[in-house]
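quick one, fold the following:
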Amino acid sequence: MMLPMIYSRFSVLLHTFLILLVAGCSQISTKAPNSLQIDTSDYHPIILVSIDGFRPDYLNRGVTPNLNKLIANGVSAEAMRPSFPSITFPNHYTLVTGLRPDHHGIVGNTMEDPQIPGVRFTLSNRDAVTDHRWWDQAEPVWVTAEKKGIKTGIMFWPGSEAAIHGVLPTDFRRFDGKITPASRVETMLTWLDRPVVNRPGFLTVYFDDVDHAGHEYGPDTTQITSDVARVDQAIGQLVDGLRARQIDANVVIVSDHGMAATSADRIVRLNELADPVNYRVITSGTYAGIDVNPGQEEIVANALLKKHEHMQCWKKEAIPERFHYGQNARVPRFVCLAEVGWLVEPGDKNGKTTVSGSHGYDNLAPEMQALFIATGPAFKKATKLPAFDNVDVYPLLMMLLNIPALPSDGSMATVRQSLRAQ
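I've put the predicted structure just below:
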């Protein structure tokens, strides 16, 4: 097996040390593992950071000195295009598998599967989120790394709580949105305080504050700027923590999608277009996924497939090819996509206030574009990449880990430009 880059010299030295230990055990006193004086200069863990809902233009608000410093000393992209639908779980799984949602199976934050009858997958359904069957259509980075003998530490990432293909990360935490960004970073840093042989080689940390503020207040508010600043401080804490531990890590910072302003005055109501007795709404918001009741497909098609203001609907097999969406069995029979800034809802919300910001729109929309920053010994300095698709992050991570990437929709063509000559 090819040794990963992060451990190559260390593994050889450790092997030599163990031989000497066996040969002279009667003359060597017992020491705690972290007191072993072994050269760890080749330990370069890969740390993947996600800032949910972070639009690249948030960097221009004057509250992100740490992120801007990383850009100046590393690599950034003009933008990173999310996959469709531009929502959280599908795109987080794309980032770590290199597969588009239609191929990895996490086709929405809310979905159903004919092979898992009677269950609706939602972000709040703990039993579903931890059920490997929803995730097993793909293999994320941490599963492949663990199979190759590289320990992983996942501080929140969609899918990390499920034993995908029977494998869990060495370290992970059950998601708890109440845990602050600073505490998330601190937990991850404690994993790096172990003796090198027990440290993870691949780690992730996930921040959701910016996304929540975007939904509640909208992307053009002081509230979201405040949360952008708070997450930037956590990034600074991570950088300082790595420096204090003399760990030269390769850090890749991404977001899953952007955010667009929405309003209660911009809603398309499905019950005004078609009789709800004929269909079931699986998911709604920036796009709607709709399944039909038996024998009602033609009636529903006649209602949905005509021209509508602020929304377009397709049968799943007729979704435009550029979305790479509609072949998976979990995609509902009809998909209706709202115009940016509009929402598609089943019916009257009975006076409830709608969100002030959302995502899930056309993945090429400027408001949906995502963040990409990379820094560390593997990366060039002060380098700007052209826009690329987020499926390309996966082969980059696998190359950094020195593990052959599994077949994916990603390519190294653009992201290779970020790397120093080997």
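
make it CA atoms for all contacts and neighbour counts henceforth
Noted.

tell me the confidence at the residue nearest to the spatial centre of the chain?
For the chain, His92 is the residue whose C-alpha lies nearest the centre (C-alpha atoms, centre = their mean; 2.4 Å). Note on His92: pLDDT of 98.

assumed it was part of a helix.
Yes - per DSSP: H, G, I helix; E, B strand; the rest coil, His92 lies within a helix segment.

begin at 546 from now on, thanks
Yep, numbering from 546; the last one is His637 now.

OK, contacts around it?
By C-alpha atoms under 8 Å, 6 or more residues apart in numbering, the contact list for His637 reads Trp702, Pro703, Asp801.

closest one of those residues to Asp716?
Trp702 (11.9 Å; C-alpha to C-alpha).

how far away is that closest one from Ile864?
29 Å (C-alpha to C-alpha, to the nearest Å).

please apply the same query to Gln841.
Distance from Gln841 to Ile864, by C-alpha to C-alpha: 20 Å.

Trp702 and Ile864: which is more packed in?
Between Trp702 and Ile864, Trp702 has the larger neighbour count (other C-alpha atoms under 10 Å), namely 22 against 17.

next, the closest residue to the more buried one other than its chain neighbours: secondary structure please.
Among residues not flanking Trp702 along the chain, Tyr751 sits closest, at 6.3 Å (C-alpha to C-alpha, 6 or more residues apart in numbering). Three-state call for Tyr751 (three-state DSSP): strand.

and the closest residue to Val797 other than its chain neighbours, how far is that from Glu684?
Ranked by C-alpha to C-alpha, 6+ apart and with sequence neighbours excluded, the top spatial neighbour of Val797 is Ala919, at 4.4 Å. Ala919 sits 23 Å away from Glu684, taking C-alpha to C-alpha as the criterion.

of the two, which one has the most company?
When Ala919 and Glu684 are compared for neighbours, Ala919 comes out ahead with 26 against 19, by other C-alpha under 10 Å.

can you classify the more buried one by secondary structure?
strand.

what sits against it?
Leu615, Ile616, Gly619, Val620, Ser621, Asn795, Val796, Val797, Ile798.

in a markdown table: those residues, plus pLDDT and secondary structure.
Converted to a markdown table, those look like this (pLDDT from 0 to 100; DSSP: H, G, I helix; E, B strand; the rest coil):
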| residue | pLDDT | secondary structure |
| --- | --- | --- |
| Leu615 | 98 | helix |
| Ile616 | 98 | helix |
| Gly619 | 98 | coil |
| Val620 | 98 | strand |
| Ser621 | 98 | strand |
| Asn795 | 98 | strand |
| Val796 | 98 | strand |
| Val797 | 98 | strand |
| Ile798 | 98 | strand |
